[in-house]
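> From the sequence below, what's the structure:
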Amino acid sequence: MSTCCAMPDDDAPVLKVYRRVLWAVLAINLGMFGIEMTAGVWGKSVALQADALDFLGDSATYAMTLIVLGMSLRWRAAAAMLKGLAMGGFGIWVLATTVVHLMRGTLPDFAIMGGIGALALVANVVSAGLLYRYREGDSNMRSVWLCSRNDAIANIAVILAASGVWASKTGWPDLAVGVVIAGLALTSSVAVIRQARGELKGELKLEAA
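Residues are numbered from 1 along each chain as shown. As a prediction, this is how the structure comes out:
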């Protein structure tokens, strides 16, 4: 585990490299949002639409991280808190969308699901690989890592769901993956909010001392 993951505020060289990494994954995620959302709507897939919105949410996360990078721990923790809340909201939205498609009995296009899911997996593995060394930083950096990790897991699930839709000729595998993606978002939301809250409390105690 690299000690540079702690990312001290005065570590300018590390911050510079991390900033370039964030710009790269931001570009990757914005591009994949457009591709996957178009494919998700066209292919009537809850899993793809959920994953596409996750790409958009991640893009916002990376942009926010770029803004607060190098600022005080209080600002970084506050940004992480907002991102944690956004993850939770995303998870709730996916659950609601899953219920809607369940009621409609939607049958997604398994070929589109599988193809786009594979492309999204490549994009997320690249992003996660770029961010891996920074995964043990503060709550702000941890939220960025969790976003990419969750996306890679979700993409594998989307590909498996595509196979399930093809084999069963039903939309159940797609809906199940929607629930899995929602669960990842909600659990990550709790983890990030807890860490950010602890950091904020620590800062307040230091100021009061």
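
> what residue ranges in this protein score low on pLDDT?
By pLDDT under 70, the low-scoring segments of the chain are 1-14, 70-71, 73, 137-140, 143, 203-209.

> the helices in it, which residues?
12-43, 46-68, 73-104, 110-131, 139-168, 172-208 (DSSP state H).

> JSON lines for those helices, including mean neighbour count?
To be clear about C-beta, it is placed using only N, CA and C from the backbone, and glycine gets the same treatment. Shown next, in JSON lines, are the helices of the chain (neighbours: other CB atoms under 10 Å):
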{"stretch": "helix 12-43", "mean neighbour count": "17"}
{"stretch": "helix 46-68", "mean neighbour count": "23"}
{"stretch": "helix 73-104", "mean neighbour count": "18"}
{"stretch": "helix 110-131", "mean neighbour count": "20"}
{"stretch": "helix 139-168", "mean neighbour count": "22"}
{"stretch": "helix 172-208", "mean neighbour count": "18"}
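
> What's the separation between the residue positioned nearest the centre of the chain and Arg133?
In the chain, the residue lying closest to the centroid (CA atoms, centre = their mean) is Cys147, at 2.8 Å. The spacing between Cys147 and Arg133, counted by CB to CB, to the nearest Å, is 16 Å.
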